[in-house]
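>>> just the structure for this:
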Amino acid sequence: MTLAERGGLPLLLSLGAGASGILCFAPFGLFWLAPLVWAVLFKLLQDARSPADAGQRGLAFGLGFFLSGVSWVYVSLSTFGGMPWWLAGPATLGFCTVAALYPAVAGWAYKRWQPAAFWQQALWFGGLIAAVDVARAHIFTGFPWLSLGYSQSPPSPLAGFAPLLGVFGLSLLVALAAASLSRWKHGLLVLGVLLASGQGLRQIAWTEAIGNPVSVALIQGNIPQEMKFQPESFLRTLALYRDLIAAHPAQLTLLPETALPAFIDQLPRDYLDELQVLAQRQGGDLIIGTLTGDGTNYFNSAVSLGSSPMQVYSKQHLVPFGEFIPPGFAWIMAQANIPMSSFSAGAAVQPPLQLGTQAVAVNICYEDVFGHEIIRALPHAGLLANLSNTAWFGHSLAQDQHLQIARLRALETGRPMLRATNTGMTAIIDAQGEVVSQLAPFETGVLRGEIRAHQGTTPYVRWGDWPAIALIALCLLASRIGRRRR
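Predicted coordinates for the structure are as follows:
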């Protein structure tokens, strides 16, 4: 009996393979497992009886993958958003099902136009898997979380391709290697060439450090999410951050996203003056996460205080439901209690914050998932800075997954990344995507260190995702040479 004839077994295998795929990502970090997991998917699609059957297997794979990987959506909706479980559960399932439609479409398309030759099948599979990763990053404002390429952050040798092709190029390479592994001799050769090439590319210094080291202090307030926007906690929050800043002087100090949960012009004037004086002690500057507005619109912003003139960066890529309500979904959000869920988007192109001799490209929370947006401030900026508040997701995989995403952004751009978060992962990441130091999550503390800005341009900074998209298109076109398999 062939795999295609075994009733529901292929669907169970698809579900299990998808669930095991999460082991390839942080915090588990089994990057070498990714080609094997996606090789199972390739075999399942090869053996499918029809496009509809292949689509079902792709859907089952996607459900296993996303339900195990992003189930923290339930935590944000129910535990912290106050949505009743009977609504938060179906909402989370619906969200994961929508995400699973992408591998379902890839599975259906694979079987519908399955080529005859093996090498064509490998190109067709690799191109489709990478193409749906690209599509997921753009459709409905985009959700590229857990794109396959993120599994290959350092120490994977394939990470060497990141400064050239970005995360979607890595998705393509992993999927091609996975398909090749179904023919062991071919697969081991392909995998060996990719690993050797990636390791060689990791030896290239695409950018170089400039200027003197800058002392930094990244503050992790660890304010419980359920207390963050409570009026009775407001003054304690202000005092906590002031005391931590005072005790840890640095040339560049970062506070998390919405660390000061009020509009900047509603904060006590003497408090802001005190923060400015503290920042100026070493001729330095402070970047704080707070709110700004003009009476009609309000923004999730990062504001600088200190030796340099005050500057503002406002978050441009907002999170659906968390920061804005898509049309037609207000009735769902009425069941939740998510404060500050109607932000306006900042300008698509905003200059880096010029803090003394440092040009700092700030991004806020979810924005660092979008590599093509991060590079808008480059190559002028020498440092990347991310302000986050992932307390919304509790003690879940989201903390480690977000840190892994930030590591790939640093590697793609050849720039150090400073991450100041409320509950974790607060970290200093170097230009090679390696974590230099980090704080333990869910503890109040300050991460001290030194960092040097970098100059130069990686191929990814110059061309963004277009080389990867071109390679994906080339694989899809090359796979169509000759007749389709009957």
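
>>> what's the spacing between stretch 460-479 and its chain's center?
The chain centre lies 20 Å from the centre of stretch 460-479; the measure is Cα atoms, centre = their mean, to the nearest Å.

>>> so what touches it?
With contacts defined as Cβ atoms under 8 Å, 6 or more residues apart in numbering, stretch 460-479 is touched by 115, 120-121, 123-124, 126-128, 130-131, 134, 162-166, 168-169, 172, 176, 371-372, 375, 378-379, 412-414, 459. C-betas here are computed from N, CA, C, even on glycine.

>>> can you flag which of these belong to strands?
With DSSP state E as the criterion, strands contain none of the contacts of stretch 460-479.

>>> filter these down to the buried ones.
Among the contacts of stretch 460-479, those classed as buried by 16 or more other Cβ atoms under 10 Å are 115, 120-121, 123-124, 126-128, 130-131, 134, 162-166, 168-169, 172, 176, 371-372, 375, 378-379, 412-414.

>>> re earlier: which of the contacts of stretch 460-479 fall in helices?
120-121, 123-124, 126-128, 130-131, 134, 162-166, 168-169, 172, 176, 371-372, 412-413, 459 (DSSP state H).

>>> residue 91: neighbour count?
Using other Cβ atoms under 10 Å, residue 91 is surrounded by 20 other residues.

>>> mind checking the SS state of the nearest residue to it once chain neighbours are set aside?
Leaving out its chain neighbours, the residue that sits closest to residue 91 by Cβ to Cβ, 6 or more residues apart in numbering is residue 77, at 5.9 Å. Under DSSP: H, G, I helix; E, B strand; the rest coil, residue 77 falls in the helix class.

>>> would you check that residue 77 makes contact with residue 90?
No. At 10.3 Å, residue 77 and residue 90 do not qualify as touching, with contact defined as Cβ atoms under 8 Å.

>>> compare those two (neighbour count), which wins?
residue 77 (27 against 11).

>>> and residue 299, how close does it get to residue 359?
21 Å (Cβ to Cβ, to the nearest Å).

>>> neighbour-wise, which of those two wins?
A count of neighbours by other Cβ under 10 Å puts residue 299 above the other of residue 299 and residue 359, at 23 against 19.

>>> check which residues of whatever helix or strand residue 237 lives in are buried.
Assessed by DSSP states H and E, residue 237 sits inside helix 231-247. Applying a neighbour-count criterion of 16+ other Cβ under 10 Å, one finds 233-234, 237-238, 240-241, 244-245 buried in helix 231-247.

>>> who are the packing partners of it?
Using 3 or more Cβ pairs under 8 Å, 6 or more residues apart in numbering; DSSP states H and E, the elements in contact with helix 231-247 are strand 214-220, helix 269-280.

>>> just checking the distance from the shortest one to the centre of its chain.
What that stands for is strand 214-220. 22 Å.

>>> may I have the helix or strand that contains residue 469 as PDB, with CA atoms only?
Using DSSP H and E, the element containing residue 469 is helix 466-478. This file holds the C-alpha atoms of helix 466-478, laid out as PDB (Å, rounded to 0.1, in the frame of the first residue of the first chain):
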ATOM      1  CA  TRP A 466      14.700  41.600  -5.100                       C
ATOM      2  CA  PRO A 467      17.700  39.200  -5.700                       C
ATOM      3  CA  ALA A 468      15.900  36.500  -3.700                       C
ATOM      4  CA  ILE A 469      12.600  37.200  -5.500                       C
ATOM      5  CA  ALA A 470      14.500  36.900  -8.800                       C
ATOM      6  CA  LEU A 471      16.000  33.600  -7.800                       C
ATOM      7  CA  ILE A 472      12.600  32.300  -6.700                       C
ATOM      8  CA  ALA A 473      11.100  33.300 -10.000                       C
ATOM      9  CA  LEU A 474      14.000  31.700 -11.900                       C
ATOM     10  CA  CYS A 475      13.500  28.400 -10.100                       C
ATOM     11  CA  LEU A 476       9.800  28.400 -10.800                       C
ATOM     12  CA  LEU A 477      10.400  29.200 -14.500                       C
ATOM     13  CA  ALA A 478      13.200  26.700 -14.900                       C
END
